[in-house]
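J.: Sequence and predicted structure below; questions after.
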Amino acid sequence: MTYSMALPLNFLENSLGVADIYKTPARKAHQFLLGTPSEAIAETQPSLGNIIPLPAFVLPVERLSGAESAFTLKAGVHISVVPATAELKNIGQYLAERLNVSTGYEIPVTAAAHAPAKTGIQLALSDADPTLGDEGYLLTITQRRIFLTAYTPAGIFRGIQTLRQMLPPEIESPAGIKNSRKAPWSIPAGTIRDVPRFSWRGVMLDVARHFFSVKDVERLIDLMAYYKMNRFHLHLSDDQGWRLMINSWPQLATYGGSMQVGGAKGGYYTQEDYAHIVEYAQQRYITVIPEIDMPGHTNAALASYPELNCNGAAPPLYSGIDVGFSALCVDKEITYTFVNDVIREIAALTPGSYIHVGGDEVSTLSVSDYSRFIERVQTIVQSHGKQMIGWAEIAQARLSPSSIAQHWKDKFAQLAVQQHAKVIMSPAQKLYMDIKYNDSTQLGLIWAGYIGVKDAYEWEPSTIVNGVTENDILGIEAALWSETIQTMEDIEYMVFPRLPGYAEIGWSQAKDRTWREYEQRLASHGSRLRALGVNFYPSPEVAWK
Ligand code: TNX
């Protein structure tokens with residue numbers, strides 16, 4: 001996957017006039033950016049300083065030399081890739097398309113024999129610095145060229161998001177050249193070396209309570225990608241609806257998916273739709289995690305097949321928003337035939353390593369019946385070559401160390417850690433995007449309090465559950481439950497502007513984060529979100545630009 005090439009350190013040193021870019025600690029680099037008022041970089045937007053999530057290391061060139069320096073994107077620019085694999089060309093094409101939206105430039109993607117190129121934009125894989133890891137990148141901008149290198153294609157893709165954020169906000173405006181600033185499309189010179197803190201930076205969308213189209217899902221994936229998130233968890237089934245066709249149990253979708261909360265017509269994804277979503281996410285280096293919630297939250301399945309019920313009678317479809325009342329019949333063998341068929345079909349459609357089996361809020365089963373069920377399901381998931389994820393209640397059962405518990409409330413995650421299983425942090429009071437911002441938010445629920453934009457940002461994942469520490473945590477995931485969410489506009493309003501803060505908690509080092517400084521960067525993203533057409537909540541906590 002990687003490509004042998006000398007790290008262009010000489011190139012960096014020559015162009016930047018610094019020998020110790022790797023030695024300068026992130027903190028010091030930020031002082032270059034923020035500094036004292038007299039030192040602060042003048043209001044020359046865009047600057048190297050408004051990137052979200054905050055990069056690990058930033059060095060603007062003018063801090064060192066005092067020289068005015070920027071790369072300017074002009075007609076005739078080209079993107080070259082090294083090595084010229086189909087994958088890297090696709091990433092180059094993705095960048096060309098983003099830049100075309102507003103500039104109108106037709107940017108060719110070409111193969112380069114070596115790196116760095118003398119001019120233009122170059123994307124290059126290099127195995128010279130393995131510490132860049134799975135997603136890190138090194139981005140250098142001089143007057144003549146943009147050089148983006150990484151250890152993996154995913155790293156190049158993440159670096160492209162940084163590059164987008166360094167251009168003027170109008171670069172994202174699909175309104176076309178006539179409505180946006182024509183020139184200059186300039187990027188300040190400097191170097192960014194960046195690696196993420198956590199490997200799991202996720203968003204969950206509940207498509208069961210209300211159903212969302214493939215187009216809506218694509219848009220959410222695009223917006224996640226802009227903030228370097230890498231996991232997309234689809235909550236595909238619940239009491240109110242089953243949203244994926246299972247060929248061996250077709251009524252799950254055709255009948256169980258026919259309604260949604262409030263009683264309106266529902267919907268479901270065909271297997272082709274789902275495969276398309278998976279591929280769309282994959283092209284953005286985002287892994288899809290499908291969730292089939294069980295043994296509770298199963299009314300839609302129980303309504304579709306009477307034999308799944310202990311009494312053999314199917315309940316009616318459900319369009320309310322209560323939780324906890326439904327459960328599969330854990331003593332019937334057909335239940336496990338059903339679970340095996342569903343997981344087999346989904347595993348075959350899912351290249352990612354994970355299948356999420358829910359496991360939350362079952363009030364009608366004893367702990368021992370519940371645990372027995374989860375342990376059997378764990379074996380089924382593993383038999384299809386996947387790792388099991390469940391809401392943290394699953395830790396009451398015997399977990400394999402490869403299984404993962406998703407914390408949302410209570411202390412069950414402690415039981416997971418004791419069994420050497422890893423934890424994803426989704427504390428409802430911080431990370432539930434269906435929770436209202438404040439008492440005047442029209443959409444959303446309040447059972448976990450209110451989550452303002454500052455509340456969403458100002459917390460630390462390793463101090464949420466006693467005994468669940470940095471090493472136990474894979475990362476974080478923000479969840480959008482959709483009891484009250486009906487349209488893409490609703491999704492955008494609840495997700496933004498909280499998501500950029502979540503992305504930063506997942507990516508950036510804790511020691512580098514303060515609300516005071518973040519608030520200024522977020523403010524500058526107001527114009528970016530507007531250019532992207534995002535219906536964000538313009539929170540008064542932020543001095544929007
Ligand atoms: C709790 S989080 C739930 C969901 C609801 C959500 C509403 C979890 C595992 N269960 O079923 O939709 O609260 O905020």
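T.: Looks like it came in fine.
J.: which residues in the stretch 201-350 of the chain form helices?
T.: With DSSP state H, counting those that start in this stretch, the ranges of helices along the stretch 201-350 of the chain come out as 214-226, 251-254, 271-282, 299-304, 333-349.
J.: can you give me the offset of the second one from its chain's centre?
T.: In terms of C-alpha atoms, centre = their mean, to the nearest Å, the gap separating the centre of helix 251-254 from the centre of its chain is 29 Å.
J.: Kindly report the same for the third one.
T.: Put simply, helix 271-282 sits 16 Å off its chain's centre (C-alpha atoms, centre = their mean).
J.: May I see the buried residues of that helix?
T.: By neighbour count on 16 or more other C-beta atoms under 10 Å, the buried set for helix 271-282 is 271, 273-275, 277-278, 280-281. C-betas here are computed from N, CA, C, even on glycine.
J.: just stretch 461-474 next, same as before
T.: Neighbour-count burial for stretch 461-474, counted by 16+ other C-beta under 10 Å, picks out 461, 464-465, 468, 472-474.
J.: again, but for stretch 408-424
T.: Using 16+ other C-beta under 10 Å as the test for burial, stretch 408-424 gives 408-409, 412-417, 421-424.
J.: again, but for stretch 373-380
T.: Taking 16+ other C-beta under 10 Å as the neighbour-count basis, stretch 373-380 is seen to contain the buried residues 373-374, 376-378, 380.
J.: so which of these comes closest to Leu349?
T.: For the buried residues of stretch 373-380, the closest approach to Leu349 (C-beta to C-beta) belongs to Ile380, at 16.1 Å.
J.: Verify the contact between that closest one and Tyr336 for me.
T.: Yes. The pair formed by Ile380 and Tyr336 meets the contact definition of C-beta atoms under 8 Å, at 7.2 Å.
J.: Relative to Asp341, how far out is the residue of the stretch 51-200 of the chain found nearest the ligand?
T.: Nearest to the ligand in the stretch 51-200 of the chain, going by C-beta to the nearest ligand atom, is Trp200, at a distance of 16.9 Å. Here the criterion is C-beta to C-beta, to the nearest Å. By it, Trp200 lies 29 Å from Asp341.
J.: try Val203
T.: Between Val203 and Asp341 the distance, using C-beta to C-beta, works out to 28 Å.
J.: more crowded one of the two?
T.: Using other C-beta atoms under 10 Å, the more surrounded residue of Val203 and Asp341 is Val203, with 27 against 15.
J.: show me what contacts the more buried one?
T.: 220, 224, 229, 231-233, 477-480, 495, 499, 502 (C-beta atoms under 8 Å, 6 or more residues apart in numbering).
J.: Tell me the pLDDT of it.
T.: Among the per-residue scores, Val203 holds a pLDDT of 99.
J.: Please apply the same query to Ala112.
T.: In the prediction, the pLDDT value recorded for Ala112 is 85.
J.: Any idea how many residues pack against it?
T.: Other residues near Ala112 number 18, with proximity taken as other C-beta under 10 Å.
J.: Now do the phi/psi pair for it.
T.: Per-residue torsions, Ala112: phi -110, psi 140 (degrees, to the nearest 10).
J.: name the element the residue lying closest to it once chain neighbours are set aside belongs to?
T.: In space, Ala112 comes closest to Ser80 once its chain neighbours are excluded; the distance is 3.7 Å by C-beta to C-beta, 6 or more residues apart in numbering. Secondary-structure element containing Ser80, defined by DSSP states H and E: strand 79-82.
J.: what packs against that strand?
T.: Contact partners of strand 79-82 among helices and strands, from 3 or more C-beta pairs under 8 Å, 6 or more residues apart in numbering; DSSP states H and E: helix 86-103, strand 109-111, strand 120-125.
J.: give me the residue from the stretch 201-350 of the chain nearest the ligand.
T.: Shortest the stretch 201-350 of the chain-to-the ligand distance, computed as C-beta to the nearest ligand atom: residue-wise this is Val323, at 5.0 Å.
J.: got it, and the stretch 251-400 of the chain?
T.: Nearest to the ligand in the stretch 251-400 of the chain, going by C-beta to the nearest ligand atom, is Asp360, at a distance of 3.4 Å.
J.: One more: the stretch 401-545 of the chain?
T.: Of the stretch 401-545 of the chain, the residue with the smallest distance to the ligand, taken as C-beta to the nearest ligand atom, is Trp481 at 3.4 Å.
J.: tell me, how many neighbours does that residue end up with?
T.: By other C-beta under 10 Å, the burial measure for Trp481, its neighbour count, is 23.
J.: Now the phi/psi pair for it, please.
T.: Note on Trp481: backbone dihedrals following degrees, to the nearest 10 are phi -80, psi 150.
J.: For it, give its distance to Ile321.
T.: Using C-beta to C-beta, Trp481 is found at 10 Å from Ile321.
J.: got it, and Ala208?
T.: Relative to Ile321, Ala208 is positioned 11 Å away (criterion: C-beta to C-beta).
J.: Show me whatever sits in contact with both of the two.
T.: Shared contacts of Ala208 and Ile321 (C-beta under 8 Å, 6+ apart): Gln240.
J.: which of those two has more neighbours?
T.: Set side by side, Ala208 and Ile321 show more neighbours around Ala208, with 29 against 14, by other C-beta under 10 Å.
J.: so what's that one up against?
T.: In this structure, Ala208 makes contact with 235-243, 293, 300, 482, judged by C-beta under 8 Å, 6+ apart.
J.: Tell me where the stretch 301-450 of the chain has strands.
T.: If you assign secondary structure with DSSP state E, counting those that start in this stretch, the strands in the stretch 301-450 of the chain sit at 354-358, 387-391, 404-407, 422-425.
J.: Of these, flag the one that's most buried.
T.: A comparison of these by mean neighbour count, using mean count of other C-beta atoms under 10 Å, puts strand 404-407 on top with a mean of 27.
J.: Pull up the pairing partners for it, direction included.
T.: Neighbouring strands of strand 404-407 in its sheet, by DSSP bridges, are strand 387-391 (parallel), strand 422-425 (parallel).
J.: That strand: how far from the chain's middle?
T.: When distances are taken as C-alpha atoms, centre = their mean, strand 404-407 is centred 17 Å away from the chain's centroid.
J.: One more: stretch 233-250?
T.: 22 Å.
J.: picking up where we left off before, and which of the buried residues of stretch 408-424 is nearest to Pro184?
T.: For these, with Pro184 as the reference and C-beta to C-beta as the criterion, the closest is Ile424, at 42.9 Å.
J.: pretty sure Asn340 is in contact with Ile380, am I right?
T.: Yes. Using C-beta under 8 Å, Asn340 is in contact with Ile380, at 5.2 Å.
J.: near the ligand, which residues of the stretch 151-300 of the chain?
T.: Proximity of the stretch 151-300 of the chain to the ligand is assessed by C-beta under 6 Å from any ligand atom, with no residue identified as in range.
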